[in-house]
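Undergrad: sequence and predicted structure below; questions after.
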Amino acid sequence: MSHLPLAPRLPGQLIWGSMLEMERDPLAFLDKIAQDYSRLVRVRFAVITATAAIHPHAVEHVLQKNHTNYSKELFDYKILRRALGRGLLTNDGPDWLRQRRMIQPAFQKSRLEQYRTLMSRAVQEMLDRWSALPDAIVDVGVEMHRLTLRIVGEALFSLDLTGDAVVFGEALNRTNELLAKRFFSKAPPFVPIPNDLRLAFAVRRLRGVVDQMIAGRRSNPEDQDDLLSRLMRARDERGAMSARQLRDEILTLVAAGHETTATALAWTLVELAAHPLERERLEQECQKPTETLPDGVSRTRAVIQESMRLHPPAWIFSRKAIQEDEIMGHRIPGGSMVLISPWLTQ
């Protein structure tokens, strides 16, 4: 493939490349790229040069058609592993496939139906609380984070993480806050910064809470039918998950199910507030009997999908090319970084 050209290169500063512009306003920077490039473009961030896969066909190649050639062994996933360990979000290869197969039965359609009651109850209690404050301004970002944390906690542990088990929610929020600071630090992951010590302390506290929950469930195996019990009972030809793997998967499910879902819901509410006609149509659909769910909520599904298209919660992530590859007529060097941004693609 050496005869193939590299992707065109985005002009940048002599030393920093596009790093400072990306840090200053990342979404505006991506919008600028979209104005001039529609397929692939190479972007330099100081000493790192990445190829941004913009066109849907390029994204499909990396994530589906040739996904075995692209790994998560990059600095952003290494930072995430400090907090989440090697769960589905950060794992790779055969280990990822094994974990996915063990976890997937817990998310079958018949299982998810069981969570509808607890979701409805949590939403109704939130609405009742709002109705008691008719003239108040509601921060939907805060409210959706609180709502999703409660639902995830009850589904996973049969606990209200915003109430009795609030220590977990506090530890999770602190860890997320410190992770964000590490992501946007100019220092490479291998260079220690003061934030790292605080992050390590927060992660140790968070993992300790989860370990206590798992140990408590093992010592008192009540007839719980939550996700924690299902994952503890999961088996394959190699047996059950190790204690560490179980903890990592629980942390991943809480973080992924809480943060990104809350962001998606918050933006959906913002968009509905700006489009009252669409909100009215959505309200009419929601008045249908619950027996018609989920097939009878096509408009609701479309609204949420459109909101996520406009405001993707995971707006950028990366992969590492294991071997040299070709994407849309351009050479991707082995060992190089490939950026994927739903915001940029959309």
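TA: Cool, the structure landed.

Undergrad: which residue is nearest the centroid of the chain?
TA: Ala256 (4.5 Å; Cα atoms, centre = their mean).

Undergrad: contact partners for that residue?
TA: Leu88, Leu89 (Cβ atoms under 8 Å, 6 or more residues apart in numbering). (Each C-beta comes from the backbone N, C-alpha and C, glycine too.)

Undergrad: next, Ala52: secondary structure please.
TA: strand (DSSP: H, G, I helix; E, B strand; the rest coil).

Undergrad: please renumber the chain so that the first residue is 827 from this point on.
TA: Shifting the count to begin at 827 puts that one at Ala878.

Undergrad: beta partners of the closest residue to it other than its chain neighbours?
TA: Distances taken as Cβ to Cβ, 6 or more residues apart in numbering place Leu1165 nearest to Ala878, at 4.4 Å, with adjacent residues excluded. Following DSSP bridges, Leu1165 is listed with bridge partners Ala878, Ser1144.

Undergrad: and the gap between Leu1165 and Met1067?
TA: According to Cβ to Cβ, to the nearest Å, Leu1165 stands 32 Å off from Met1067.

Undergrad: how about Tyr941?
TA: Counting by Cβ to Cβ, the gap from Tyr941 to Met1067 is 21 Å.

Undergrad: who has more neighbours, those two?
TA: Met1067 (21 against 15; other Cβ atoms under 10 Å).

Undergrad: quick one, phi/psi of Gly1065?
TA: Main-chain torsions, Gly1065, degrees, to the nearest 10: phi 100, psi -150.

Undergrad: that one: how many residues sit nearby?
TA: 8.

Undergrad: one more: Arg1127?
TA: Using other Cβ under 10 Å: Arg1127 sits among 12 other residues.

Undergrad: figure out how far the helix or strand bottoming out on mean pLDDT in the chain is from the centre of its chain.
TA: Least confident helix or strand of the chain, by mean pLDDT, DSSP states H and E, is helix 935-939 with a mean of 75. Averaged C-alpha coordinates place helix 935-939 at 21 Å from its chain's average position (Cα atoms, centre = their mean, to the nearest Å).

Undergrad: look at Leu853 and say how many residues are nearby.
TA: Leu853 - counted by other Cβ under 10 Å - has 14 other residues nearby.

Undergrad: tell me who's in contact with it.
TA: Trp1141, Trp1169.

Undergrad: if we use 10 Å, what do you get?
TA: Counting by Cβ atoms under 10 Å, 6 or more residues apart in numbering, Leu853 touches His1137, Trp1141, Ile1142, Ser1167, Trp1169, Leu1170.
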